[in-house]
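K.L.:
How does the following fold in three dimensions:
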Amino acid sequence: MPGSFRSPEVAEHQEGRGATASHLSWRTRTTKNRPVSQRLPFIRPCLAVPAKAPPKGDQWVHEAKWDGYRIQIVKDGSDVRLYSKSGTEWTKRLPSIADAFTKLPARSAILDGELCFCDERGGPNFRALHHAMRKAKPAPERLVVFAFDLMHLEGVDLRAKPLQERRRRMVDLVSVRPIPCMFIGDHFANGAVLLGHCERFGLEGVVSKRRDAPYASGECKAWVKSKCDAWKEKNKERGRLFEEAQLRDTTTGRGRR
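P.N.:
Modelled structure (predicted):
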C-alpha cells in the first residue's frame, strides 16, 4: 500500500509556504477521527496572472474562465473536505457538494476547480452565488463545480506532472463514475477565438495554460487570464472593490505573494 511521499513542492510547504501539513498521505480507513497532521492538507492554489489577450503558440491550451468562487476538494479515505481559495473550510456550508464527492472512485484525491451558481440559461451567475453563499447552507440545486486540475491521486503527488497528464487522469477518474455536480470544461487550441465566443455568451474570459507546466502554488506565469471587455465593463465596481481589498491585504501582509 502506498505510504507518504515528498516532493520539492512539499518541502516548500513544510517551510510554511504551502500546504498546512508536513506531508501528503492517505489511509484506507476513515479519516474523521484522524489527527489533523495526518490528513491530506489544503494546497495553496495556482493563480493565473492577468494579460490583455490570450497567448499564442502550440504550447498553450485555453479554457473558459467561470465566474464563481475557487474551491478545492480533498477526498481522504471516506472523508471529503472543501476549501476556499484562502484555505477556509467550506465542508459544513456545502454538505451536498461534499457528499457528492464521496462517490469519487478514488481513495484519495485533491481537485482544483470553481464553484458556480448556474442560472436558468445554464451560465454562471456570480451575484446569485454570492447571495447563496451568504446563507448558512446554500440550496444545492444550482451549485456546480467546474473542475480543472488534479493535484493528488491515490497517494501520488501529481503537481510535478505536466498539465496535460494531470487533466487526462482527472478525465479518466470521472469517466469511471461521473459526479452529478462536477463538470470538466473543454480545452481549445485558439485562445483568441475562444475569447470571442466567451464575449458573445457573457462569460468572464479565458484562462490559458502551458501544456507542459507543473502545478505551482501562488502566481504562476504558466497560467494566464484574459477578461472579456463586456464582463469588465459590467463588473467595473466589483473589480475596483477587489483591487482595493488586494491592496489592503498586501499592506497588512495577507495578500498574494
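K.L.:
Pretty sure residue 165 sits in a helix.
P.N.:
Yes: per DSSP: H, G, I helix; E, B strand; the rest coil, residue 165 lies within a helix segment.
K.L.:
if I look at it, how far off is residue 114?
P.N.:
The spacing between residue 165 and residue 114, counted by CB to CB, to the nearest Å, is 21 Å. No exception for glycine: its C-beta is placed from N, CA and C like everyone else's.
K.L.:
neighbour count winner among the two?
P.N.:
The neighbour count for residue 165 versus residue 114, taken as other CB atoms under 10 Å, is higher for residue 114 (24 against 13).
K.L.:
partner residues bridging that one?
P.N.:
Applying DSSP bridges to residue 114 gives these bridge partners: residue 70, residue 146.
K.L.:
measure it to residue 145 for me?
P.N.:
7 Å.
K.L.:
now do residue 85
P.N.:
Counting by CB to CB - residue 85 and residue 145 are separated by 14 Å.
K.L.:
Poorly predicted segments of this protein, please.
P.N.:
Applying pLDDT under 70 to the chain picks out residues 1-37, 237-257.
K.L.:
Tell me where it has strands.
P.N.:
46-50, 60-65, 69-76, 79-84, 108-117, 143-153, 156-157, 182-184, 205-210, 218-227 (DSSP state E).
K.L.:
okay if I get those as JSON lines plus distance to residue 191?
P.N.:
Below are the strands of the chain laid out as JSON lines (distance: least, CB to CB, whole Å):
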{"stretch": "strand 46-50", "distance to residue 191": "13"}
{"stretch": "strand 60-65", "distance to residue 191": "4"}
{"stretch": "strand 69-76", "distance to residue 191": "21"}
{"stretch": "strand 79-84", "distance to residue 191": "28"}
{"stretch": "strand 108-117", "distance to residue 191": "18"}
{"stretch": "strand 143-153", "distance to residue 191": "15"}
{"stretch": "strand 156-157", "distance to residue 191": "29"}
{"stretch": "strand 182-184", "distance to residue 191": "18"}
{"stretch": "strand 205-210", "distance to residue 191": "5"}
{"stretch": "strand 218-227", "distance to residue 191": "7"}
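K.L.:
got the contact list for the residue nearest to residue 104 when sequence neighbours are not counted?
P.N.:
Leaving aside its sequence neighbours, residue 104 sits nearest to residue 75 (CB to CB, 6 or more residues apart in numbering; 5.3 Å). By CB atoms under 8 Å, 6 or more residues apart in numbering, the contact list for residue 75 reads 40, 101-102, 104, 106-110.
K.L.:
Same check on residue 126?
P.N.:
Residue 126 makes contact with 67-68, 117, 235, according to CB under 8 Å, 6+ apart.
K.L.:
residues touching residue 173, list them.
P.N.:
Counted by CB under 8 Å, 6+ apart, residue 173 has contacts 104-106, 109, 150, 153.
K.L.:
In PyMOL, how would I select the buried members of the residues you listed?
P.N.:
The PyMOL command for the buried members of these (criterion: 16 or more other CB atoms under 10 Å) is given here:
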select buried, resi 104+106+109+150+153
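K.L.:
quick check, nearest of the contacts of residue 173 to residue 211?
P.N.:
Among the contacts of residue 173, residue 150 lies closest to residue 211 (CB to CB), at 15.2 Å.
K.L.:
contacting residues for the nearest residue to the closest one once chain neighbours are set aside?
P.N.:
Excluding its sequence neighbours, the residue lying closest to residue 150 (CB to CB, 6+ apart) is residue 170, at 3.9 Å. Residues in contact with residue 170 (CB under 8 Å, 6+ apart) are 111, 147, 149-150, 184.
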